[in-house]
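J.: Here's my sequence, what's the structure:
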Amino acid sequence: MIFAAILGLPIALTIWVAILGKWQRALWMLILYVPFGSGIALMMRPNPFGSLLKDFLFVLPVYAVFILFHMREFRNTRIPNPISLMFVLLAAVVLLQTFNPSMRDLVAGAVGIKVWLLYIPLAYLVSAMIIRAEDLVGFLRVATAISIIPCGLGILQFAMSSTIGYGETMTLFYGRNAAAATQNFSTFQMGADFYRIPSTFSFVTQYSGYALMMLAIAYIHQSIEPHPGWRLFAKIATGVIFVAAILAGARANFLFAPMLLLVILFLDAKLKRLALWLIIGPFVMITTLNTVGLDVFTIADKTSGLVTNYGSDLIIPDLIKSLVNSPLGQGVGMNTGASRNLMSAAEIAVLPPMIEGYYSKTIIELGIPGLIIQLGILFLLLFYGLGIHQRARDPMSRSCSAAITGFIIVMAIHSFKGWQVDLDPINVWYWILVGILFRLPELRFDKLAEARKQAELEKRNPQGSRRRRNQPRRPPGPVRHRR
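T.: Prediction:
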């Protein structure tokens, strides 16, 4: 610990000075860090500080710098007032629930507050940061480029598990933490072993959610990228991310990965792209599954059964149980995994079992008032998102709004089963995408479209385009004056 502090303090000071000089750097560094943050936290266990690194290095410093020195830039944010009001109401309910008599651990309650509220302001900061369409392109280039590392590593881990063994592979990557990262090396039998893959994250749920989220981000990138090389890279990355999402070890992604792409393509209404993915998507999915020995029909049968069982055995009963047992809530952190990790065994023993559904969790921690507010926020995000998409006339802007709104829709459905919005890295990127969504109506994509058109002309006729660029301009002729 002493060595880590001696080594880490200069790094932290360097990061804080960089953020003090320009607050936008924090968001760039944050999106570079989040694909690896939970993996770093895994290596630091049992020290819990690893899970808070991104907050102390990037999130809290950028909030402080922005509030102290750049509040005038808050006028650049475009989050609608009704949504801001709902955020204020949510914060009020969360803080009120910290005084709930059922609360047994103040530290766990503080973690619950962090999970509920800490990352929402990122929507405002991103909305203030992205002023031009070119800013968005740069942001997406970084996100897509860095995604190749977790997704490529995840595919490699699956391939190695199929050849040299699951336990051997995971132990090679994670050492003594291998069992914790893989839920004690759990697998599913689907014609062959289907492994839980953590990649650069601390467990499969984070990695599978990351791959799912990156499908939407890579789609936005390829839709607005003006440079042909980067656009080709984004298209290839989309395919790699799709394969990674399928092989992440989360059975839910068999359903949600194709669903997300179909919802985005339907909203975007690009018939050629939709037709292409309706052909390529199933081909890539079936080929990937057959390559690793998984049986497509077994997966289809078990996935349909999983959906039915989740609905009848878990989702609906858990919602009813939460409404009956916790109509006024039990306090923040009481059903949050990160909070329970800080509780003693005696404290956990008297708590009810964990419930996975996000809406059920909301009732348990915030009661029915909290659920109403959360559903209100979700309704307003979808209402404004669909409105922004309907009013958008620029094709690039429509692709962006289609991807973000589609992601919000799929996350709303996914939240019946789990709480991805609470977990790294979706807890960060969800609000980043919300900030981008509300900035879209003011972004001008005409320069990007012109640059893409020019690149296509140069590709078709490179000599002519080069000649036009190198041709000197004619000097202006004499000015004629009328008498």
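J.: low-scoring stretches of the stretch 351-483 of the chain, by residue?
T.: Scanning the stretch 351-483 of the chain for pLDDT under 70 picks out the ranges 462-483.
J.: ok, which stretches of it are helices?
T.: Remark: helices assigned in the stretch 351-483 of the chain by DSSP state H, counting those that start in this stretch are 358-391, 395-414, 426-439, 446-460, 462-470.
J.: Mind putting these into TSV with distance to residue 295 and mean neighbour count?
T.: Backbone N, C-alpha and C define where each C-beta goes, glycine included. Listed next are those as TSV, based on distance: least, CB to CB, whole Å; neighbours: other CB atoms under 10 Å:
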stretch	distance to residue 295	mean neighbour count
helix 358-391	31	20
helix 395-414	25	23
helix 426-439	30	24
helix 446-460	42	14
helix 462-470	49	10
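J.: Out of the ones you listed, which gets nearest to residue 95?
T.: Minimum separation from residue 95 across those (CB to CB) falls at helix 358-391, 10.7 Å.
J.: and that closest one with helix 426-439, angle?
T.: Angle of helix 358-391 versus helix 426-439, following axes from the mean of the first three to the mean of the last three CA atoms, to 10 degrees, is 20 degrees.
J.: and residue 38, how far is that from residue 52?
T.: Counting by CB to CB, to the nearest Å, the separation of residue 38 from residue 52 is 11 Å.
J.: of these two, who's got more company?
T.: Between residue 38 and residue 52, counted using other CB atoms under 10 Å, the more crowded position is residue 38 (25 against 16).
J.: Verify the contact between that one and residue 424 for me.
T.: Yes: using CB atoms under 8 Å, residue 38 is in contact with residue 424, at 4.8 Å.
J.: Find the residues that touch each one of these two.
T.: Taking CB atoms under 8 Å, 6 or more residues apart in numbering as the contact rule, residue 38 and residue 424 both touch 201, 206.
J.: And stretch 441-450, how far out from the chain middle?
T.: With CA atoms, centre = their mean, to the nearest Å as the basis, stretch 441-450 stands 25 Å off its chain's centre.
J.: go on, stretch 238-256?
T.: Put simply, stretch 238-256 sits 14 Å off its chain's centre (CA atoms, centre = their mean).
J.: picking that back up, right, and the helices of the stretch 351-483 of the chain - which one's nearest residue 420?
T.: Using CB to CB, the nearest of the helices of the stretch 351-483 of the chain to residue 420 is helix 426-439, at 4.9 Å.
J.: Identify the residues contacting the closest one?
T.: Contacts to helix 426-439, defined as CB under 8 Å, 6+ apart, come from residues 27, 30-31, 34, 54, 77-80, 115, 119-127, 130, 136, 209-210, 213, 216-217, 381, 384-385, 388, 400-401, 404-405, 407-408, 411, 420-421.
J.: quick one: average confidence on stretch 140-159?
T.: For stretch 140-159, mean pLDDT is 96.
J.: Tell me which residue lies nearest the centroid of the chain.
T.: residue 426 (3.4 Å; CA atoms, centre = their mean).
J.: Is it correct that residue 30 is in contact with residue 54?
T.: Yes: contact criterion CB under 8 Å: residue 30 and residue 54 qualify, at 6.6 Å.
J.: three-state assignment of the nearest residue to residue 442 once chain neighbours are set aside?
T.: The shortest distance from residue 442 to any non-neighbouring residue, by CB to CB, 6 or more residues apart in numbering, is to residue 78 (6.8 Å). With DSSP: H, G, I helix; E, B strand; the rest coil as the basis, residue 78 sits in coil.
J.: Residue 78: neighbour count?
T.: As a burial measure, residue 78 scores 17 neighbours (other CB under 10 Å).
J.: Next one: it from residue 84, what distance?
T.: As for residue 78, its distance to residue 84 is 11 Å (criterion: CB to CB).
J.: Over to residue 421?
T.: Distance, residue 421 to residue 84, using CB to CB: 19 Å.
J.: higher neighbour count, the two?
T.: Comparing residue 421 with residue 84 by other CB under 10 Å, the one with more neighbours is residue 421, at 19 against 14.
J.: Next, count neighbours for residue 333.
T.: 29.
J.: my guess is it meets residue 105, correct?
T.: Yes: contact status for residue 333 versus residue 105: in contact at 7.4 Å, counting by CB under 8 Å.
J.: Overlap of the contact sets of the two?
T.: Contacts common to residue 333 and residue 105, judged by CB under 8 Å, 6+ apart, are residue 339.
J.: what's the following helix or strand after the helix or strand harbouring residue 180?
T.: Element membership of residue 180 [criterion: DSSP states H and E] is helix 178-181. Helices and strands here follow DSSP H and E; after helix 178-181, the next one along the chain is strand 187-189.
J.: what pLDDT, on average, does that following strand get?
T.: Here strand 187-189 scores 88 as its mean pLDDT.
J.: which parts of it are buried?
T.: residue 188 (16 or more other CB atoms under 10 Å).
J.: and it, which strands flank it?
T.: In the sheet containing strand 187-189, its partner strands are strand 193-195 (antiparallel), by DSSP bridges.
J.: Name the surrounding residues that touch the partner strand.
T.: Outside of strand 193-195, the residues within contact range by CB under 8 Å, 6+ apart are 157-158, 161-162, 166, 182, 187-188, 249, 251, 294.
J.: try stretch 403-416
T.: Contacts of stretch 403-416 (CB under 8 Å, 6+ apart): 212-213, 216-217, 219-220, 223, 252, 256, 259-260, 263-264, 266-268, 310, 315, 357-359, 378, 381-382, 385-386, 388-389, 420-421, 426, 430, 433-434, 436-437.
J.: mind redoing it with 7 Å?
T.: Stretch 403-416 has contacts (CB atoms under 7 Å, 6 or more residues apart in numbering) with 213, 216, 219-220, 256, 259-260, 263-264, 267, 315, 357-359, 378, 381-382, 385-386, 389, 420-421, 430, 433, 436-437.
J.: what's the answer for stretch 265-277, then?
T.: With contact meaning CB under 7 Å, 6+ apart, stretch 265-277 is reached by 261, 389, 398-399, 402, 405-406.
J.: Residue 371: which of these is nearest?
T.: residue 405 (22.3 Å).
J.: which helices and strands does the helix or strand in which residue 37 is found pack with?
T.: Residue 37 belongs to helix 24-44 when elements are defined using DSSP H and E. Applying 3 or more CB pairs under 7 Å, 6 or more residues apart in numbering; DSSP states H and E, we find helix 24-44 packed against helix 2-21, helix 53-54, helix 60-69, helix 122-129, helix 133-163.
J.: Mean neighbour count, these: which tops it?
T.: helix 122-129 (a mean of 24; mean count of other CB atoms under 10 Å).
J.: Counting by contacts, list what that helix packs against.
T.: On a contact count with 3+ CB pairs under 7 Å, 6+ apart, helix 122-129 meets helix 24-44, helix 426-439.
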